[in-house]
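> Need coordinates for the below:
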Amino acid sequence: MALRHLTSLSPVTLCSLRRRFTHKPFSLSVSASMASSFRKALVPIAHGTEPLEAVITIDVLRRAGADVIVASVEKQLQVDACHGVKIVADALISDCADTGFDLISLSGGMPGAATLRDCGILESMVKMHAADGRLYAAICAAPAVALGSWGLLKGLKATCYPSFMEQLSSTATTVESRVQHDGKVVTSRGPGTALEFSVSLVEQLYGKEKADEVSGPLVMRSNLEAKFIMAELNPIDWKCDNPQILVPIANGTEEMEAVIIVDVLRRAKAKVVVASVEDKLEIVASRKVKLVADVLLDEAVKHSYDLVVLPGGLGGARAFASSEKLVNLLKKQRESNKPYGAICASPALVLEPHGLLKGKKATAFPAMCSKLSDQSEVENRVLVDGNLITSRGPGTSMEFALAIVEKFFGHGKAQELAKVMLFSSQ
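Modelled structure (predicted):
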């Protein structure tokens, strides 16, 4: 086996204001213990928001049990995030103006962060929220572009995406931490630090025990600064010009995995088609993030692809396994010796039962590995066996996507992207 190393890659001083936002009441039947752990979070999004950062934050907070409202600061619920990812919000920001939150978290991406900054309703909400001593956070461009511009980082240590550090230095004490917590504000650097950032928010809201409980099943890297390894067996050349890649999605798809795969591959300039296996373009993912596909699978299967790659998620994997058209497309990929792959539940629930792992080594989500007929290589975070690539879960999704980039575009391109996304400083 070849082991391929990819370079892995404070309180705010504001005038004393009486809080005018109050939590919307919930059912009187809610127990005192449930009420004490109830947390409400706001994640605003806009055209040009970095989808990976927004979706990871939403997903992880909902895993912890938080009631997360995804609010569009645009005039409509659907936003066109960066890299062609389309997300449908739960509400408009104007609908949230009279609601109190335990956390408001701003995602990066440009021009998304600038649009958040320029939203008067959001600015008023965050300033009042900060004055009340509640937790607020931002990642990537947003600490400098939004929080700094609003004067909410004065006297605090903060970090952001490297190209915005100079701007941040005029409004905060800058540090280069991957995640920085000071007082009631948490800031972070970029797409490659979004998972750590989100788990940190869980810890601030619920405590370390809950953060550990949530982070365990994510299969996160134990050493966040270390190189990561793609294990490869029976290597073959995948390289081609302008690879065409199909990413199916369905109700119950793991949104983190789907969005990370699409985001990273489009950054590499692959032509990625997102296809819904449902009867409409909009799907509701496993943690209730609403994503909009580019096409329906019925249309997508009319074309050929250099790679068909499946995200996980229990409901999504079951939908894939039940889709005769998708399974037939995967079988054609295998028969033509063209690349195909899957992550998390999908290797076990889709590839294995349809004979798509016969004669291949694969890995999967830890709890699903018992369903694999050959479990000899399951401990690998990313495993390539000829034209097959598999991986373990949300916390390995970035490595999985970067390994695909390496196979199509070369090691240098994967290194470059890992560094730009701050998945690695090396």
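> which stretches of the stretch 251-400 of the chain have low pLDDT?
Confidence mapping of the stretch 251-400 of the chain against pLDDT under 70 gives zero matching residues.
> could you pull out the helices for it?
All helices of the stretch 251-400 of the chain, identified by DSSP state H, counting those that start in this stretch, fall at 255-267, 297-300, 314-322, 324-335, 346, 397-409.
> Tell me which residues are up against the third one.
I take that to be helix 314-322. Helix 314-322 is contacted from outside by 248-254, 277-278, 285-286, 310, 326-327, 344-346, 348-350, 353-354, using C-beta atoms under 8 Å, 6 or more residues apart in numbering. Using the backbone N, CA and C atoms, a C-beta is placed for each residue, glycine as well.
> Mark which of these are buried, thanks.
For those, a neighbour count by 16 or more other C-beta atoms under 10 Å gives the buried set as 248-254, 277-278, 285-286, 310, 326-327, 344-346, 348-350, 354.
> from the residues you listed, which ones fall inside strands?
Pro248, Ile249, Leu310 (DSSP state E).
> Now Ser222: which helix or strand?
Per DSSP states H and E: Ser222 is located in neither a helix nor a strand.
> Distance check, it against Gln375.
For Ser222, the distance to Gln375 equals 21 Å [C-beta to C-beta, to the nearest Å].
> So for these two, which sits in the more crowded spot?
Neighbour totals were compared for Ser222 and Gln375, and Gln375 leads with 14 against 5 (other C-beta atoms under 10 Å).
> residues touching the nearest residue to that one once chain neighbours are set aside, list them.
Excluding its sequence neighbours, the residue lying closest to Gln375 (C-beta to C-beta, 6 or more residues apart in numbering) is Cys369, at 5.6 Å. Applying C-beta under 8 Å, 6+ apart, we find Cys369 in contact with Ala348, Thr363, Gln375, Val378.
> now swap in Leu42 and tell me
With contact taken as C-beta under 8 Å, 6+ apart, Leu42 is in contact with Val68, Ile69, Ala71, Cys96, Thr99, Phe101, Leu103, Ile104, Ser105, Met125.
> TSV for those, including distance to Asp263?
Formatted as TSV, the contacts of Leu42 follow (distance: C-beta to C-beta, whole Å):
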residue	distance to Asp263
Val68	20
Ile69	23
Ala71	21
Cys96	26
Thr99	29
Phe101	26
Leu103	23
Ile104	23
Ser105	18
Met125	28
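> Next one: the nearest residue to His303 once chain neighbours are set aside relative to Gly410, how far apart?
Sequence neighbours aside, Gln244 is the residue nearest to His303 in space, at 7.3 Å (criterion: C-beta to C-beta, 6+ apart). Separation of Gln244 from Gly410 (C-beta to C-beta) stands at 18 Å.
> quick one, which of those two is more surrounded?
A direct count of neighbours by other C-beta under 10 Å for Gln244 and Gly410 places Gln244 higher, at 15 against 12.
> Please verify my assumption that the more buried one contacts Val308.
No. Gln244 is beyond contact range of Val308, at 9.9 Å (criterion: C-beta atoms under 8 Å).
> which residues in the stretch 51-200 of the chain form helices?
Taking DSSP H, counting those that start in this stretch, the helices of the stretch 51-200 of the chain run over residues 51-63, 112-117, 120-131, 142, 165-168, 194-206.
> Point out the most buried one among those.
Neighbour counts (mean count of other C-beta atoms under 10 Å) averaged over each of these peak at helix 142, with a mean of 32.
> what's in contact with it?
Contacts for helix 142 (C-beta under 8 Å, 6+ apart): Leu106, Ser107, Gly108, Ala113, Leu116, Cys160.
> Could you rerun that using 7 Å?
Residues from elsewhere that reach helix 142 (C-beta atoms under 7 Å, 6 or more residues apart in numbering): Leu106, Ser107, Gly108, Ala113, Leu116.
> Identify the farthest-apart pair in those.
Gly108 and Leu116 (9.4 Å; C-beta to C-beta).
> Now Asn387: closest residue in space that isn't a chain neighbour?
Per C-beta to C-beta, 6+ apart, closest to Asn387 is Pro339, 4.7 Å.
> so what's Asp67 bridging to?
Bridge pairing for Asp67 (DSSP bridges) gives the partners Lys40.
> I figured it hits Leu61, correct?
No. Counting by C-beta atoms under 7 Å, Asp67 stays clear of Leu61, with 9.0 Å between them.
> okay, and the common contacts of these two?
Here Asp67 and Leu61 share no contacting residue, scored by C-beta under 7 Å, 6+ apart.
> Brilliant, that's me finished.
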